[in-house]
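*Asks:* Sequence first, predicted coordinates after that:
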Amino acid sequence: NLYNNSNNTMFASLRSFSRVATSASTVFSRSSGVRLASPLSRCFHLSTPSFSDQQSEEKQYSEKVESLVSEISSMTLLEVADLVDCLKTRLNISDMPIASVGVAAPVAEEQQAAVEEKTEFEVKLVKYDDSSKIKVIKEVRNVLPDLKLAEAKKLVESLPKSIKLDIPKEDAEKIKEQLEKVGGVVEII
C-alpha cells in the first residue's frame, strides 16, 4: 500500500511537471513564433496511448531530452517536487485547478446558485401620485436624512431614480412600504 501511495504521488508530481513543461512550451511558442509539440506527455506516457500511437514507430528523442528524462526518473519524489516548484517559479506558472467530471457539475451549480442569491438590493422610486408629491418628498427625506428639502424635491421630480443602493432585502422592503404608503411607486432591483 505504501508503494502504491508513493507511485501515485510520484505520478501526480510528474503530471504536474508535464503541465509546467506544456505551459512553458506554450509561452515559448507565443513569444518566439516557433510551435512545439507537446513536450513531455509522450516521454512520461502519463496518458493511455491511442491505437494510432501503438501502431506507429516509437519516436526518437534528442540526447538532451533523453538525458533529462533519465535524470528525472532517477530523482526521489521530494527532488521531483522541488524541481516542479522551481520550474513554476522560474517560468512564472501558477497552479491549474484540476477537477474531475463528477465534481465539476456540482461546483458549477453552486456557483450559479450563488449568483442567483442576491444579498444587496437597490430601491428605485419610479413614479408617484401627483396629489401626494409633498408626502413623497417628505418620505424621501426620512429615508435619506442627509438630503435637504430642495435636493429631495429635485430627486423626486427627476424620476425614475435610485433612492438606496446595496441594502439588505428587509431594509429595501421597509423603504418600499413607506414610500408606497404615501403614494410612490417603488421597484426593488
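*Replies:* Everything's here; your move.
*Asks:* Tell me which helix or strand in the protein has the weakest average pLDDT.
*Replies:* Least confident helix or strand, the chain: helix 41-44 with a mean of 45, by mean pLDDT, DSSP states H and E.
*Asks:* in a strand, that's where Leu125 is, yeah?
*Replies:* Yes. According to DSSP: H, G, I helix; E, B strand; the rest coil, Leu125 belongs to a strand.
*Asks:* isn't it right next to Lys164, touching?
*Replies:* No. Leu125 lies out of contact with Lys164 (C-beta atoms under 8 Å); the separation is 9.8 Å. C-beta here means a position set from N, CA and C on the backbone, and glycine is covered the same way.
*Asks:* So what does Trp158 look like in phi/psi?
*Replies:* Actually, residue 158 is Ser. It isn't Trp. According to degrees, to the nearest 10, the main-chain angles of Ser158 amount to phi -110, psi 50.
*Asks:* How about the one 4 residues further on?
*Replies:* Torsion angles at Ser162 (phi, psi; degrees, to the nearest 10) stand at phi -80, psi 130.
*Asks:* Distance check, it against Ala150.
*Replies:* With the distance defined as C-beta to C-beta, to the nearest Å, Ser162 ends up 19 Å from Ala150.
*Asks:* neighbour-wise, which of those two wins?
*Replies:* Ser162 (12 against 9; other C-beta atoms under 10 Å).
*Asks:* Pass me the low-pLDDT residue ranges in this protein, would you?
*Replies:* Scanning the chain for pLDDT under 70 picks out the ranges 1-56, 96-116.
*Asks:* Could you pull out the helices in it for me?
*Replies:* 2-32, 41-44, 51-55, 63-73, 77-91, 101-116, 133-143, 149-157, 169-181 (DSSP state H).
*Asks:* Fine, thanks again, bye for now.
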